[in-house]
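Asks: Sequence and predicted model, in that order:
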Amino acid sequence: MKKINSLFSLIVLLFISQFAISQTVYQWRGLDRDGKYNESGLLDQWPEDGPQLLWSTETLGPGYAAPVITSDKLLIIGVENGISTLFAFDLKGNLLWKSTNGKSFVGDGFSARFPGARSTPTVVGNMIYATSGLGRLGCFDLNTGKELWAVDMLNDLDGYMNEFSYAESVVTDENAVYCFPGGKEISVAKLDRLTGKTIWTSEATGDTTHFVSPILVNLPSRKVFVSTSRHYVFGVDCETGELLWKYDIAIRHDGDHANTPVYKAPYLYVITNDDNGKGAIKLELSADGSSVKEVWTNESVKNDMGGYILNDNKLFVTTENKYLNVMDPETGAVLDKVRSSFGGTIFADNKIIVYGTNGDVRLFNYENGKLTQGGLFKVTMGSQEHFSHPVVANGVLYIRHGEALMAYKIK
């Protein structure tokens, strides 16, 4: 009987473990954090005045945080009465619930020009992980909005808030959530995903945060947390918190770094925007994840926060001289470029969508190795800067501009 009970318990445990592993993670820049969305049947051409607006809201308050869309909900961080607020809508734009997550970032001096929400929630199963601009990481129930636990990265983890505050969209695995407090002694932390309890903290580089949302690289021998700080791209062992390597990204650090690294074995692609920096960078990650080697850099291609796409053995990135560049990932050379606004860039159904910092939204079709424009419209709702990244889900394009969120039919 004991053997039967033990066998039954083992089967239940394996089932639960498999269920946890198989859960879809909805997160920043798509399922794999690479700006690519699995869509089909999208319009090749948009109407002259832009795609059909399905619904909109102007209730979010200030900020640049992009939404995340699950099978039946849209989650987005905003501000209400000076409080960081997590909003849940259904896919028709009806508000389901909202939950508070501490005070919102308002800034001081120059940074006061850029108040509000920054990060995108991460959704795993029925749990949402949302970070306020002041570094409060809260875990909320997906169906009710009830807070399950919270950790203050400044007060609980001795973090450091830079001039423009926290903008990280946290990354998770089966059992943990990883965050970047950015303090000298606690640079990176691994927390239990269900309880928020600290599993380990790591000094890592001892460097401050700089707006980047990290990735996890799964290798045969280990899992590596990869992010970018004020001065370095770096990797930390997910099991132990050990700093594995760091790579200096600039000669003189005078630019912003907000782009999530892109990994395609065995290479990491990083693009920064320091005036005297290395610009676009390709690194080779060793088979055991313990080191990186520079493959190439291209100082003429710089981008601080628009993201980039690796697809069809090409690297697509916008630059401030108003081009969408097509790069050869083997050499770093620019193979082609088309006129485009500089801004948030995503890929879906062999199409690239750019939400420019000037408010233009452009559609490019990618066929036979060439880009051709298939649509252009101007975002007129909302206020402040156009810094949010676009999102596509189920044939709908979502654009956030300050207090406004718009849903456009593009299928």
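Replies: Okay, I see it. Note that the coordinates shown come from a computational prediction; the quantities given were computed from them, not determined experimentally.
Asks: Return stretch 225-239 as PDB; C-alpha atoms alone will do.
Replies: Output in PDB follows, covering the C-alpha atoms of stretch 225-239 (Å, rounded to 0.1, in the frame of the first residue of the first chain):
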ATOM      1  CA  PHE A 225      20.100  35.600 -16.700                       C
ATOM      2  CA  VAL A 226      21.200  38.200 -19.300                       C
ATOM      3  CA  SER A 227      20.600  41.900 -19.000                       C
ATOM      4  CA  THR A 228      22.200  45.300 -19.500                       C
ATOM      5  CA  SER A 229      23.200  47.700 -16.700                       C
ATOM      6  CA  ARG A 230      24.500  51.200 -17.000                       C
ATOM      7  CA  HIS A 231      27.900  50.000 -18.200                       C
ATOM      8  CA  TYR A 232      27.700  46.300 -19.100                       C
ATOM      9  CA  VAL A 233      25.900  43.500 -20.800                       C
ATOM     10  CA  PHE A 234      26.200  40.700 -18.300                       C
ATOM     11  CA  GLY A 235      25.300  37.100 -17.500                       C
ATOM     12  CA  VAL A 236      24.400  35.500 -14.100                       C
ATOM     13  CA  ASP A 237      24.000  31.900 -13.300                       C
ATOM     14  CA  CYS A 238      20.300  31.300 -12.500                       C
ATOM     15  CA  GLU A 239      21.000  28.500 -10.100                       C
END
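Asks: Figure out how far it is from the centre of its chain.
Replies: Put simply, stretch 225-239 sits 15 Å off its chain's centre (C-alpha atoms, centre = their mean, to the nearest Å).
Asks: Kindly report the same for stretch 95-105.
Replies: Distance of stretch 95-105 from the chain centroid (C-alpha atoms, centre = their mean) equals 20 Å.
Asks: If you count neighbours, what's buried in that stretch?
Replies: For stretch 95-105, burial by neighbour count (16 or more other C-beta atoms under 10 Å) applies to 96-97, 99-102, 104-105. From N, CA and C alone the C-beta is placed, and that goes for glycine too.
Asks: Strands - which of these land there?
Replies: Mapping those onto strands (DSSP state E) picks out 96-97, 99-102.
Asks: Tell me the one of those nearest residue 152?
Replies: Nearest to residue 152 among those: residue 102, at 7.5 Å, using C-beta to C-beta.
Asks: For the stretch 151-300 of the chain, which segments count as strands?
Replies: Ranges of strands in the stretch 151-300 of the chain, per DSSP state E, counting those that start in this stretch, are 171-172, 176-179, 188-192, 198-202, 215-218, 223-228, 232-237, 243-248, 262-264, 267-271, 280-285, 292-298.
Asks: Is it possible to get a markdown table of those that adds mean neighbour count, mean pLDDT and distance to residue 124?
Replies: Converted to a markdown table, the strands of the stretch 151-300 of the chain look like this (neighbours: other C-beta atoms under 10 Å; pLDDT from 0 to 100; distance: least, C-beta to C-beta, whole Å):
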| stretch | mean neighbour count | mean pLDDT | distance to residue 124 |
| --- | --- | --- | --- |
| strand 171-172 | 22 | 98 | 5 |
| strand 176-179 | 23 | 98 | 9 |
| strand 188-192 | 23 | 98 | 13 |
| strand 198-202 | 17 | 98 | 16 |
| strand 215-218 | 17 | 98 | 13 |
| strand 223-228 | 23 | 97 | 16 |
| strand 232-237 | 24 | 97 | 21 |
| strand 243-248 | 18 | 97 | 25 |
| strand 262-264 | 19 | 98 | 20 |
| strand 267-271 | 22 | 97 | 24 |
| strand 280-285 | 22 | 98 | 25 |
| strand 292-298 | 16 | 98 | 29 |
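Asks: and of those strands, who's closest to residue 366?
Replies: Closest approach to residue 366 among the strands of the stretch 151-300 of the chain (C-beta to C-beta): strand 262-264, 16.9 Å.
Asks: chain center to that closest one: distance?
Replies: Taking C-alpha atoms, centre = their mean, one finds the center of strand 262-264 at 14 Å from the center of the full chain.
Asks: list the helices and strands that strand packs on?
Replies: Contacts defined by 3 or more C-beta pairs under 8 Å, 6 or more residues apart in numbering; DSSP states H and E place strand 262-264 against strand 215-218, strand 267-271.
Asks: how big is the angle separating the last one from strand 280-285?
Replies: Pointing back at strand 267-271 there. 150 degrees (axes from the mean of the first three to the mean of the last three C-alpha atoms, to 10 degrees).
Asks: What lies in contact with strand 267-271?
Replies: Under the contact criterion C-beta atoms under 8 Å, 6 or more residues apart in numbering, strand 267-271 has outside partners 217, 226, 228, 233, 249, 259, 261-263, 279-285, 292, 295, 301-303, 308, 310, 315, 317, 329.
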